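*Asks:* Here is my input, please return the structure:
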Amino acid sequence: MSQHSTTKRIFTHSALLAAIVLATGCSSSGNKETDSNIYQQAIDGYIVGAQVSCDGAASGSTTGAAGRYSCPAGTKLASISGGQDVGFDAAATSGGTAFIGALSGPTSAAFITPISTLVVELAKNENGEYDPTRLDAAKETVKKALGLTTLNLDADPAADVATARLNAQVHQIVSGFATTSSEYKTAMASFAELAREKAAAGETVPVAQGLGPTLRALNEKLGRTFTPSDLNDVIQTVENTNTGIQNATDPSSISDQSATATNARKDFVIAIDKYKGPVIFTDATGTNFTYTTIQYETDTKTNGKYTAQLNRGIKRIAYDPSAIRVGKTVTDVPVSVGIAIEGADDGDSRILSVIGTGLKLSATKDDPTSIKFEVPAGSEWSFHGVTAAGAQVDVTKLKNDTRVFDANNNGININFDKISEAIKNRGYPDLTLAEGNFKVTLIINGIRVNRISGDEPNRNIFPAFIYGVEVDDNHELSGPGFQGYVTVLPSNNPDDNSDDIF
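*Replies:* Numbers count the residues shown, from 1 in each chain. Have a look, this model is predicted:
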């Protein structure tokens with residue numbers, strides 16, 4: 001990795017937005033098998049860039065290539081959330097499709113998968129806590145419910161077609177009811193309850209064909225998430241996908257079937273309509289500059305400048321509510337966010353990046369002004385910057401002293417001035433007052449984010465692009481989001497353009 005932050009576009013569909021009120025206030029493994037840590041892999045396909053937790057405590061790290069991660073010795077339960085499914089490309093650390101899910105598994109196994117997650121749900125006690133003494137009984141329940149003769153949590157999905165197939169089919173059933181990682185957890189718990197009931201009755205739960213009764217039962221357990229008409233669409237989509245998975249003959253083909261289904265989904269929590277509503281920029285003097293989303297996202301320069309231009313530094317970027325769509329009502333959904341602004345010209349190494357985890361998202365369907373991202377008391381942020389002079393600026397564990405995002409004036413705001421203020425309070429230079437061409441990235445991990453273009457009847461809905469923001473080797477975040485380009489014009493104030501600022 002580079003010594004400073006980078007942002008990376010790592011998928012091929014579209015950019016989006018995120019909206020946000022935020023009151024701020026295990027490591028990704030290589031192959032170090034000689035130490036005392038516990039090493040595992042997270043697999044549906046390989047899940048990279050996912051947040052890792054060890055016995056319920058966030059490790060602050062993400063999964064690496066081939067879904068690898070580690071937890072400290074003595075950990076009983078490992079979990080991951082979000083990230084990207086890159087199929088069975090063992091070298092990939094980016095790309096693929098957004099993984100809107102959460103996996104867990106006992107650290108006694110080599111892999112955590114949708115099946116290990118199902119087993120863990122069945123091994124929980126009356127208080128909802130994982131109990132390792134119930135693991136064997138839970139595996140027997142899964143065997144009976146799914147009609148299996150054997151169940152080996154150490155079987156490698158990348159090498160065993162039957163294991164890859166079963167994991168993919170269970171994932172498709174559960175993810176059919178999930179547009180957030182939190183919803184995935186709830187849907188998996190309901191699927192586990194259904195499996196327990198079927199096993200006790202001597203019946204099985206089909207996962208390839210004849211899925212109507214299973215998905216209708218899940219819909220009931222989840223409080224009728226879908227209307228009858230929408231549920232019929234879900235049943236048809238999942239059954240078609242799982243039939244294709246059943247007929248696939250190798251793990252890569254199975255992964256391709258899953259990716260196709262993910263990319264075809266039209267449901268979302270937040271979407272941005274690239275042809276609706278302006279993007280408003282505020283410079284350091286408080287002057288506003290308004291551009292369309294398309295103008296902001298254009299990376300083509302004319303006479304060395306981007307279409308979106310402003311004077312004397314970037315104070316705020318705001319999406320107008322008319323550009324935002326809220327697809328469903330959510331309350332306090334856990335998410336993570338990352339933001340970066342970086343020099344876009346060759347040789348310009350200036351960067352300012354921020355990552356925050358443990359946020360809570362709330363929004364009301366069809367009301368973009370309701371979107372709010374809050375950070376609970378005590379939450380921590382990581383900042384990283386590189387100035388024009390090459391000075392490194394690193395601030396970690398920043399607590400509750402800046403509002404990075406807000407939704408004032410019925411808009412979605414990214415407050416660069418607040419980020420800079422928080423860093424200046426610690427004795428670092430202002431990183432946002434500068435001229436030049438910049439790329440701006442905002443991502444959100446943990447919910448389904450889409451992009452909309454066109455009007456009915458020619459309206460198209462696509463998954464958002466996947467991007468990554470890096471603070472250091474142990475603080476990286478990736479997920480769907482948006483990316484734009486802006487030129488900050490030269491200032492008449494010489495103090496704004498010194499070599500020691502961003």
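
*Asks:* Quick one: the helices in the stretch 101-250 of the chain, in order.
*Replies:* 114-122, 135-146, 161-175, 181-200, 212-221, 228-247 (DSSP state H, counting those that start in this stretch).

*Asks:* export those helices to TSV and tack on distance to Ala98, mean neighbour count and mean pLDDT?
*Replies:* Every residue, glycine included, has its C-beta placed from N, CA and C. Formatted as TSV, the entries for these read as follows, by distance: least, Cβ to Cβ, whole Å; neighbours: other Cβ atoms under 10 Å; pLDDT from 0 to 100:
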stretch	distance to Ala98	mean neighbour count	mean pLDDT
helix 114-122	16	26	98
helix 135-146	27	19	97
helix 161-175	11	24	96
helix 181-200	10	20	96
helix 212-221	22	18	94
helix 228-247	16	17	93
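
*Asks:* Where do the helices of the stretch 351-500 of the chain begin and end?
*Replies:* With helices called from DSSP H, counting those that start in this stretch, the stretch 351-500 of the chain shows them at 416-424.

*Asks:* Show the low-confidence segments of it, by residue range.
*Replies:* Under the criterion of pLDDT under 70, the regions of the stretch 351-500 of the chain flagged as low confidence span 375, 377-380, 394-420, 422-433, 455-458, 473-474, 491-500.

*Asks:* Redo the helices of the stretch 101-250 of the chain as CSV? Include distance to Thr331.
*Replies:* Compiled in CSV, the helices of the stretch 101-250 of the chain are given as follows (distance: least, Cβ to Cβ, whole Å):
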stretch, distance to Thr331
helix 114-122, 22
helix 135-146, 30
helix 161-175, 20
helix 181-200, 10
helix 212-221, 19
helix 228-247, 21
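
*Asks:* I'd like to know which of those helices lies nearest to Glu435.
*Replies:* Nearest to Glu435, of all the helices of the stretch 101-250 of the chain, is helix 181-200, at 39.9 Å by Cβ to Cβ.

*Asks:* Could you look up the SS state of the closest residue to Ser182 other than its chain neighbours?
*Replies:* Nearest residue to Ser182, sequence neighbours excluded (Cβ to Cβ, 6 or more residues apart in numbering): Val333, at 4.9 Å. Under DSSP: H, G, I helix; E, B strand; the rest coil, the three-state class of Val333 is strand.

*Asks:* related to what we said a few turns ago, please name whichever of the helices of the stretch 101-250 of the chain is nearest to Tyr296.
*Replies:* The closest of these to Tyr296 is helix 181-200. By Cβ to Cβ, the value is 28.4 Å.

*Asks:* now that closest one against helix 212-221, angle please.
*Replies:* If you take axes from the mean of the first three to the mean of the last three Cα atoms, to 10 degrees, helix 181-200 sits at 120 degrees to helix 212-221.

*Asks:* does Ala363 really touch Ser370, like I thought?
*Replies:* Yes - A contact is recorded between Ala363 and Ser370 when judged using Cβ atoms under 8 Å, the distance being 5.2 Å.

*Asks:* Quick check: neighbours shared by those two?
*Replies:* Residues touching both Ala363 and Ser370 comprise Val326, with contact defined as Cβ atoms under 8 Å, 6 or more residues apart in numbering.

*Asks:* Show me how the record splits this structure into domains.
*Replies:* Annotated domains of the chain cover 31-265, 271-497 [automatic domain parsing].

*Asks:* Tell me how far the last one lies from the chain's centre.
*Replies:* Mean C-alpha position of domain 271-497 versus that of the full chain (Cα atoms, centre = their mean, to the nearest Å) differs by 16 Å.

*Asks:* One more: the first one?
*Replies:* For domain 31-265, the separation from the chain centroid amounts to 17 Å (computed by Cα atoms, centre = their mean).

*Asks:* same deal with stretch 260-267?
*Replies:* Between the mean C-alpha point of stretch 260-267 and the mean C-alpha point of its chain there is a distance of 16 Å (Cα atoms, centre = their mean).

*Asks:* pLDDT at Ile20, what is it?
*Replies:* At Ile20, the pLDDT value in this model is 31.

*Asks:* How many residues are close by Ile272?
*Replies:* By the measure other Cβ atoms under 10 Å, the count of residues near Ile272 is 30.

*Asks:* didn't it look like it was pressed against Asp320?
*Replies:* No - in this structure, Ile272 is not within contact of Asp320 by Cβ under 8 Å, at 10.4 Å.

*Asks:* List the beta-bridge partners for the residue most central in space within the chain.
*Replies:* When Cα atoms, centre = their mean is applied to the chain, the residue found nearest the centroid is Asn445 (2.2 Å). Going by DSSP bridges, Asn445 is paired in beta bridges with Ser336.

*Asks:* can you tell me which residues contact it?
*Replies:* Counting by Cβ under 8 Å, 6+ apart, Asn445 has contacts 51, 81-83, 335-338, 477-480.

*Asks:* how about a cut-off of 7 Å?
*Replies:* For Asn445, the residues meeting the contact criterion (Cβ atoms under 7 Å, 6 or more residues apart in numbering) are 82, 335-336, 477-479.

*Asks:* cool, and Gln309?
*Replies:* Gln309 is in contact with 487, 489, counting by Cβ under 7 Å, 6+ apart.

*Asks:* make it 8 Å
*Replies:* Listed by Cβ under 8 Å, 6+ apart, the contact set of Gln309 reads 289, 486-489.

*Asks:* And the buried ones among these, selectable in ChimeraX?
*Replies:* A single ChimeraX command suffices to select whichever of those are buried according to 16 or more other Cβ atoms under 10 Å:
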select :486,487,488
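
*Asks:* Which one of the contacts of Gln309 is nearest to Gln172?
*Replies:* For the contacts of Gln309, the minimum distance to Gln172 (Cβ to Cβ) is 40.0 Å, reached by Val486.

*Asks:* My guess is the closest one contacts Lys305. True?
*Replies:* No - proximity of Val486 to Lys305 does not meet the contact threshold set by Cβ under 8 Å, at 9.6 Å.

*Asks:* Between those two, which contacts overlap?
*Replies:* Contacts common to Val486 and Lys305, judged by Cβ under 8 Å, 6+ apart, are Asn437.

*Asks:* just to revisit the earlier point, so which of the helices of the stretch 101-250 of the chain is nearest Ile461?
*Replies:* Counting by Cβ to Cβ, and looking across all of the helices of the stretch 101-250 of the chain, nearest comes helix 228-247 at 14.0 Å.

*Asks:* That's all I had, so thanks and see you.
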